[in-house]
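Engineer: Sequence plus predicted model, see below.
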Amino acid sequence: MSEKERLQLNLRLDGYRELYEAVKAEAARQNTSVNSFVINALKSSVGWQQEEPPSNQSPLSLEVILEAVESRLDNILDEKIQEKLGELAA
């Protein structure tokens with residue numbers, strides 16, 4: 001694949017919120033983006049060699065930090081919405 005070629009694979013994870021959250025959390029734990037994490041998972045599934053992380057652990061990238069913050073905020077907002085819906089239903 002040419003470095004300039006951009007391919008996209010859009011996945012629907014309907015009903016798999018826990019999997020979605022686990023993927024984001026594990027990517028952050030591994031100091032990688034969700035995109036890189038999923039690419040490595042797909043490579044592993046088809047028997048291709050995974051990309052090796054750099055041997056010197058660099059600081060978290062801005063993308064990884066933002067994904068982790070977004071994930072946490074999504075969880076907080078979901079909880080707040082559920083609380084308010086419960087209050088309205090009562």
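Structural biologist: Perfect, I can see it now. Numbering: from 1, shown residues only.

Engineer: Okay, helices next: where are they in the chain?
Structural biologist: 17-29, 34-45, 62-89 (DSSP state H).

Engineer: buried ones in the last one?
Structural biologist: When neighbours are counted by 16 or more other CB atoms under 10 Å, the buried residues of helix 62-89 are found to be 64, 67-68, 71. Where C-beta positions appear, they are placed from N, C-alpha and C, glycine not excepted.

Engineer: So among the residues you listed, where is pLDDT lowest?
Structural biologist: Least confident by pLDDT among these: that is Val64, with 73.

Engineer: Go ahead and confirm it touches Ala25.
Structural biologist: No. Contact criterion CB atoms under 8 Å: Val64 and Ala25 do not qualify, at 11.1 Å.

Engineer: In TSV: the helices of the chain, plus distance to Glu51.
Structural biologist: Putting the helices of the chain into TSV (distance: least, CB to CB, whole Å) gives the following:
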stretch	distance to Glu51
helix 17-29	13
helix 34-45	6
helix 62-89	15
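
Engineer: For Lys4, find the nearest of those helices.
Structural biologist: For these, the distance to Lys4 is smallest for helix 34-45, at 16.9 Å, taking CB to CB.
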